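Engineer: below is the sequence, then the predicted model.
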Amino acid sequence: MSKPINTAAHIRRNGIEPPPELARISAETPLVQVEAEGLLFSGRHWLATGYDEVRAILGDNRFKMLPPAQAKLGGGGQVEVGNLLQYDPPDHTRLRKMLTPEFTLRRIRRLEPFVAEIAEDCLDALESAGQPGDLVRTFAVPIPGLVGCALLGVPRDDAADLARNFNASRAVANFGNRIDDRERERQRAAGNAFVTYMRRLVRQKRRTPGDDLLSMLIRDHGADITDEELTGTAATLMGSGIENVGGMLALAPLALLQYPDQLALLMDRPELIDRAVEELIRYLSSVPNSIPRYAGENLRVGGHLIKTGELVMCSLLAVNRSQLPGVPRDTLDITRENSGHMAFGHGIHHCLGASLARMELRIGLPALLRRFPKLRVAVPPEEIRFRTWTPNYGVDELPVAW
């Protein structure tokens, strides 16, 4: 086995672009051991960047999710119990089977009028606040936050405080600077408040179920799902929506503004929105890497032996930007019919909320462009601060004018 290479290319970005080193690794060594030093993931592990290698790893349940240090709810708003991303079969199979009926395309479509109303309300707030406005705070984050509240049966009056606690709980590293103890304690308190609210919500739904997702789970599977699992499920669904969809609702218009020919094409041909959304999801890959896994036994992938216990990370960004069959590298083309991207993952952990995310983007992005056809970023490109300290790539602030 050759010596591991030192690289953090898979946990770095240049704006919305991957570092050139990532494409080079993908072309030369689509599965390689690396030593990485970064905020998110450090140490020695296998890095998969090739299309076939990533599909093989994500599609093989013998690669296991990393076990949490403690399987309990609490500090910092992080949950393991009820979080599907921490589960392997059979528990993953059991919980996902309960949740899947609420995320069918038919059921998601019932939310479309509500999402359209939320989007217009957010745009009203952005416009009334005046220029420049922060697209993240007034548009990108509130939409998935309010949609998540509706899905879980959270009263709309509670939505703002709940989203605020979630955002404050994230392990913000101040763009690489050390967090002091006081800030860390504030984050922990906000995370505890977020999870405590979800726990109270579950108990209330047990007493008086409604017509929301939590109530459905209680009515149909009440004896087979615990309150902690329900709490973790609710917290994970809400947090994932805010992080993933909120990130894309800011990154997508930013990408279009950087590709004015594609923006002009979309505004001239709004019927392209479905393809545009899919292409932007591929191109931006706001979740650039899979959650790390470990080999549950000796496994061969792409001619390499991954030994029992060794860690593996899959670069979804590398696959989506340089390895997809028939997709030219580094081109944004909103007329592309089907790229077969892996931005939502692959295998049993393919994103449960993919249809919901697509719908929010399909409604939110055109609403933004209709309201503000002359939308522009209100700061120089070098002043846009990209988030590099969470598993989800994005911006925490995007000043815009119109």
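Structural biologist: Perfect, thanks for sending it. Residues are numbered from 1 along each chain as shown.
Engineer: rest of the way, CA atoms for contacts and neighbours
Structural biologist: Will do.
Engineer: export the helix or strand containing A23 as CSV, just CAs?
Structural biologist: Per DSSP states H and E, A23 falls inside helix 20-28. Presented in CSV, the C-alpha positions along helix 20-28 are these (Å, rounded to 0.1, in the frame of the first residue of the first chain):
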residue,chain,number,x,y,z
PRO,A,20,-8.5,22.0,-8.6
GLU,A,21,-6.6,19.4,-6.5
LEU,A,22,-9.9,17.5,-5.9
ALA,A,23,-10.4,16.9,-9.6
ARG,A,24,-6.8,15.8,-10.0
ILE,A,25,-7.1,13.3,-7.2
SER,A,26,-10.3,12.0,-8.7
ALA,A,27,-8.8,11.5,-12.1
GLU,A,28,-5.6,9.9,-10.8
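Engineer: after that helix, which helix or strand is next?
Structural biologist: Using DSSP H and E, the first helix or strand after helix 20-28 is strand 31-36.
Engineer: any idea how far that next one is from the chain center?
Structural biologist: Relative to the chain's own centre, strand 31-36 is displaced by 24 Å; criterion: CA atoms, centre = their mean, to the nearest Å.
Engineer: could you pull out the buried residues of it?
Structural biologist: 31-36 (16 or more other CA atoms under 10 Å).
Engineer: of these, closest to I11?
Structural biologist: A36 (8.7 Å; CA to CA).
Engineer: which strand residues bridge L305?
Structural biologist: R300 (DSSP bridges).
Engineer: and what of L47?
Structural biologist: V32, M313.
Engineer: what count of nearby residues applies to it?
Structural biologist: Look at L47: counted by other CA atoms under 10 Å, it has 25 neighbours.
Engineer: wait, it touches E35, no?
Structural biologist: No. L47 is not in contact with E35 according to CA atoms under 8 Å; the separation is 9.6 Å.
Engineer: before we move on, back to that, report the rounded mean pLDDT for the helix holding A23.
Structural biologist: For helix 20-28, mean pLDDT is 92.
Engineer: with stretch 112-119 instead?
Structural biologist: 96.
Engineer: how far does that stretch sit from its chain's centre?
Structural biologist: 21 Å.
Engineer: stretch 227-245 too?
Structural biologist: The answer for stretch 227-245 is 12 Å, by CA atoms, centre = their mean.
Engineer: and after the helix or strand where A189 lies, which helix or strand comes next?
Structural biologist: Using DSSP H and E, A189 sits in helix 181-207. Using DSSP H and E, the helix or strand that directly follows helix 181-207 along the chain is helix 213-221.
Engineer: can you list the neighbours in contact with that next one?
Structural biologist: Helix 213-221 is contacted by residues 98-99, 102, 151-153, 202, 205-206, 209-210, 225, 230, 234 when judged by CA atoms under 8 Å, 6 or more residues apart in numbering.
Engineer: ok, stretch 367-378 next?
Structural biologist: Contacts for stretch 367-378 (CA under 8 Å, 6+ apart): 119-120, 123, 132, 254, 257, 267, 398-402.
Engineer: ok, and the most crowded of those residues?
Structural biologist: Going by other CA under 10 Å, A119 tops the contacts of stretch 367-378 with 25 neighbours.
Engineer: helix/strand/coil for the closest residue to it other than its chain neighbours?
Structural biologist: Nearest residue to A119 in three dimensions, chain neighbours excluded: G364, at 5.7 Å (CA to CA, 6 or more residues apart in numbering). Classification of G364 using DSSP: H, G, I helix; E, B strand; the rest coil returns helix.
Engineer: count of neighbours near G364?
Structural biologist: 23.
Engineer: mind listing what it touches?
Structural biologist: Contacts of G364 (CA under 8 Å, 6+ apart): 115-116, 119, 249.
Engineer: over to G15?
Structural biologist: F386.
Engineer: need phi/psi at it.
Structural biologist: The phi/psi pair for G15 (degrees, to the nearest 10) reads phi 70, psi -130.
Engineer: which among the contacts of stretch 367-378 gets closest to R358?
Structural biologist: A119 (14.2 Å).
Engineer: what about the closest one, which helix or strand?
Structural biologist: helix 112-129.
Engineer: would you map the helices across the stretch 151-300 of the chain?
Structural biologist: Using DSSP state H, counting those that start in this stretch, the helices of the stretch 151-300 of the chain run over residues 156-169, 181-207, 213-221, 227-240, 246-258, 260-268, 273-284.
Engineer: packing partners of the longest one?
Structural biologist: Right, helix 181-207. For helix 181-207, the elements it packs on are helix 156-169, helix 213-221, helix 227-240, judged by 3 or more CA pairs under 8 Å, 6 or more residues apart in numbering; DSSP states H and E.
Engineer: go with 6 Å
Structural biologist: If you count contacts as 3 or more CA pairs under 6 Å, 6 or more residues apart in numbering; DSSP states H and E, helix 181-207 packs onto helix 156-169.
Engineer: how about residues contacting the helix it packs on?
Structural biologist: Helix 156-169 is contacted by residues 76, 187, 190-191, 194 when judged by CA atoms under 6 Å, 6 or more residues apart in numbering.
Engineer: count of residues packed around R182?
Structural biologist: 9.
Engineer: what pLDDT does I242 get?
Structural biologist: 89.
Engineer: no wait, S2
Structural biologist: pLDDT at S2 comes out at 64.
Engineer: any low-confidence regions in the stretch 1-150 of the chain?
Structural biologist: 1-2, 37-42, 68-80 (pLDDT under 70).
Engineer: just the strands in it please.
Structural biologist: Per DSSP state E, counting those that start in this stretch, the stretch 1-150 of the chain carries strands over the ranges 5-6, 31-36, 43-48, 63-65, 133-134.
Engineer: can you redo those strands as JSON lines with distance to V301?
Structural biologist: Output for the strands of the stretch 1-150 of the chain, formatted as JSON lines (distance: least, CA to CA, whole Å):
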{"stretch": "strand 5-6", "distance to V301": "18"}
{"stretch": "strand 31-36", "distance to V301": "8"}
{"stretch": "strand 43-48", "distance to V301": "10"}
{"stretch": "strand 63-65", "distance to V301": "11"}
{"stretch": "strand 133-134", "distance to V301": "45"}
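Engineer: please consider this matter closed, and thank you.
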